[in-house]
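Chemist: Following is a predicted model, sequence given first.
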2 protein chains.
Amino acid sequence: MTRADVTDPFDPRTPRTISGLDDPKAIVAEVTAEIEAFLAEKADEFTAISPDAREIGRALLDYTRGGKRIRPVLLWWGYQLAVGEDFDRERLSSGLAQAAGSLELLHAAALIHDDVIDHSDTRRGEPALHRKFESRHAAKGYQGEGDSFGVASAIVIGDICLALSEEMFERSQDSLGITAQARELRATLRRDVMVGQYLDVLAEVIPLSDERIGERAWEVLSFKSAKYSVEQPLLLGAAMGGADAEQLSEISRFGLPLGQAFQLRDDVLGIVGDPAATGKPSGDDIREGKRTVLIAETVRRLSSAQTEILADRLGVPSLTDAEVDECVDMINATGGLAAVESFIEDKRAEALAVLDEWARAAEPVADQNSGPQSEPHTRLGDGAHRRLAEFADALSYRTS
Amino acid sequence: MTRADVTDPFDPRTPRTISGLDDPKAIVAEVTAEIEAFLAEKADEFTAISPDAREIGRALLDYTRGGKRIRPVLLWWGYQLAVGEDFDRERLSSGLAQAAGSLELLHAAALIHDDVIDHSDTRRGEPALHRKFESRHAAKGYQGEGDSFGVASAIVIGDICLALSEEMFERSQDSLGITAQARELRATLRRDVMVGQYLDVLAEVIPLSDERIGERAWEVLSFKSAKYSVEQPLLLGAAMGGADAEQLSEISRFGLPLGQAFQLRDDVLGIVGDPAATGKPSGDDIREGKRTVLIAETVRRLSSAQTEILADRLGVPSLTDAEVDECVDMINATGGLAAVESFIEDKRAEALAVLDEWARAAEPVADQNSGPQSEPHTRLGDGAHRRLAEFADALSYRTS
């Protein structure tokens, strides 16, 4: 196959250089508008079933307002990487925003249930949904136990949010078309995050001394977060744009390590993050007993006597701030924290190296010197390269 | 339009008489085989993510074994009502069994979460899923609180079951084809049952003296159960078979009242059912504090002093058997129970009257005497009529 064949301009699957990717702020604005319009429509449907159901719509509108919308932006860019930046916006951008928005609803559903499971009181600096409904129970003078009502409401509203995520995704397919590959990827994304969540729940009850602690922490990190938050949204967007298997595999090589850096940063912020920025109390992961890679790396470096001290404290909600601080010091002093910082740097570098390959593929000189075998399908112009590299840095070094 | 036009044999939408509907036992066998094959495949995927995830697949296989499969049978018959009994089984029956099975997985997901919400210990005579995982926690010597682990596991496994239900439905569409109407109906079914569940949770914390008690009980009965268990599975099957709006509306006229009779019977069984048959302790709805139509009908007939006694007991898990029995006597003595028995009879009769119309439409004499306006689209031969009437009786007068 000659170079000329590969760049046939009449073949829609021919690699084209993507000169720029849409501004995340613009994507977020469009996705947010679609989410709010969709939820408003659903809220009316709920209220038509019963006036008592009005609160569901309100709660979901409130809850979905605070998100950073990382997954929607990545889905959008994945689509652009597959179709080029100049897609038919008039016809397609609303559908794309719906597909992207459906990931935000899936994420909201996961967080609502997550907070019940973790007994978390706060989310994004606000009371968690089950706590909001517990307060509502008190304010309305309802009967029975307020905390049971809060938990029950959050379980059901999380289920509704999950169902609405499906519905919004289905709607997007009316304009974008349904491909078997996109449906399969969507199913995998949804299933992986849930299985990752189960593994996380299980990890918290298994002794720190268990030999699979490190392996298990990487499984949770990859399936509950890295794939679901970064790799799979990019893949899903690309698949919806018609990417072939080779391009999808290239995107995984970028998305998975970046997702791992993203979640490793989360592990760090869960221990030494600034509560004002994260919206979570300081040392929250200690009191919740999360078995993160950071904890696994710390345990590897502890004596068994020190491990016992840490084991006694992890997952005890009533720890004093001083007890939490002692755990944090331990994580720091053993070098666990430094090890994770260095993993973040490695994973980020791995992701950026893939971007560099994609940028080189767009350079005319590179075209002459390399054979088609080594040519990436994804080709980035300067603007697109900068956009993705900045985003990778932001995910790896974020403070919230 | 003349009669000859209506019965044009070359028009696939022409009403044809359905002489028989498939045997429920055969449907159940085929649906069960599809569910088990699907879950076995998914269990392997979970285990590939992590050996720790093996238990999810096992739990779901166990859990879905006990169901009565009412919704799958109704979906199947709805399909037959639309396409006739002689559909291309070779090509379509596996897809139809998948669509039907997806309703069973949705139902399993709802029950898993329901039992967490209601703090129910048993389901189908076995420990509820959260109790099974609580026992597993003890058996394995896991750390932390066993009940929290049980609840967390059940929330996540319920979510996974919900996701698998979507996936199984999507798969069915590969052979049956995707119609916008079927997708819309599926979304409505999924959403209605969840909103009904929220209304049920809310109803339990609102004082018995609230003026909307009766209205609210009918909303819960219709959306959480009647539509979801009977009307919507029939409609979904019919829509997948290409039923038009008129046929769907006929099917609603049969399905909704029958679904209401079905759930009113459930209300009765929740109070005076035989625990050996229902798999639930006697008087379970009293201890759970369910605000059923039966309770609303009782309250309507009570003095405010008597209402206070009932209000004090409803939803108190620690009631003695004697206290439960006193409540049951009250429900009986006021005539609440008799009122609900008479509602069941009315709703069942309403459903059977629709079947009679469908049967008359298949009689040659009726063809001559009535104009096309009054002709139902659904026409039942003797066998099909008998099948549906027997099923209607079974749902209305079941003991388990």
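Modeler: Sure, I can see it. What you see is a predicted model; the values in this text were computed from it and never measured.

Chemist: Tell me the buried residues in the helix or strand where A:S342 lies?
Modeler: Here A:S342 sits within helix A:336-361, counting by DSSP states H and E. For helix A:336-361, burial by neighbour count (16 or more other CB atoms under 10 Å in any protein chain shown) applies to A:336-337, A:339-340, A:343-344, A:347-348, A:350-352, A:354-355, A:357-361. Placement of C-beta: from N, CA and C, glycine included.

Chemist: again with stretch A:199-218
Modeler: In stretch A:199-218, residues buried by neighbour count (16+ other CB under 10 Å) are A:199-206, A:208, A:213-214, A:216-217.

Chemist: Taking those, tell me the two that lie furthest apart.
Modeler: The two members of the buried residues of stretch A:199-218 with the most space between them (CB to CB) are A:V201 and A:G214, at 18.1 Å.

Chemist: Nearest residue to the residue in the stretch 201-350 of chain A that chain B sits nearest to in space, please, no chain neighbours.
Modeler: Nearest to chain B in the stretch 201-350 of chain A, going by CB to the nearest CB, is A:V205, at a distance of 3.7 Å. Counting by CB to CB, 6 or more residues apart in numbering or on different chains, A:V205 lies nearest to B:Y142, which is 3.7 Å off, once chain neighbours are set aside.

Chemist: Assumed that neighbour was part of a helix.
Modeler: No. Secondary structure of B:Y142 (DSSP: H, G, I helix; E, B strand; the rest coil): coil, not part of a helix.

Chemist: State the distance from A:L75 to chain B.
Modeler: Separation of A:L75 from chain B (CB to the nearest CB, to the nearest Å): 18 Å.

Chemist: now A:Q98
Modeler: 14 Å.

Chemist: hang on, that residue packs against A:R171?
Modeler: Yes. Between A:Q98 and A:R171 there is a contact under CB atoms under 8 Å: 5.3 Å.

Chemist: Common neighbours of the two, please.
Modeler: Common contact partners of A:Q98 and A:R171 (CB atoms under 8 Å, 6 or more residues apart in numbering or on different chains): A:F38.

Chemist: These two: which has the busier surroundings?
Modeler: A:Q98 (24 against 21; other CB atoms under 10 Å in any protein chain shown).

Chemist: Low-confidence ranges, the stretch 301-400 of chain A, go.
Modeler: A:365-374 (pLDDT under 70).

Chemist: Get me the contact residues on it for chain B.
Modeler: A:G315 (CB under 8 Å from any CB of the partner chain).

Chemist: Can you show me the helices along the stretch 301-400 of chain A?
Modeler: For the stretch 301-400 of chain A, applying DSSP state H, counting those that start in this stretch gives helices covering A:304-313, A:321-333, A:336-361, A:364-369, A:382-396.

Chemist: tell me which residues of the second one are tucked away?
Modeler: By 16+ other CB under 10 Å, the buried positions in helix A:321-333 come out as A:E323, A:V324, A:E326, A:C327, A:V328, A:M330, A:I331.

Chemist: before we move on, what about the first one?
Modeler: Under the neighbour-count criterion of 16+ other CB under 10 Å, helix A:304-313 has A:T307, A:L310, A:A311, A:R313 buried.
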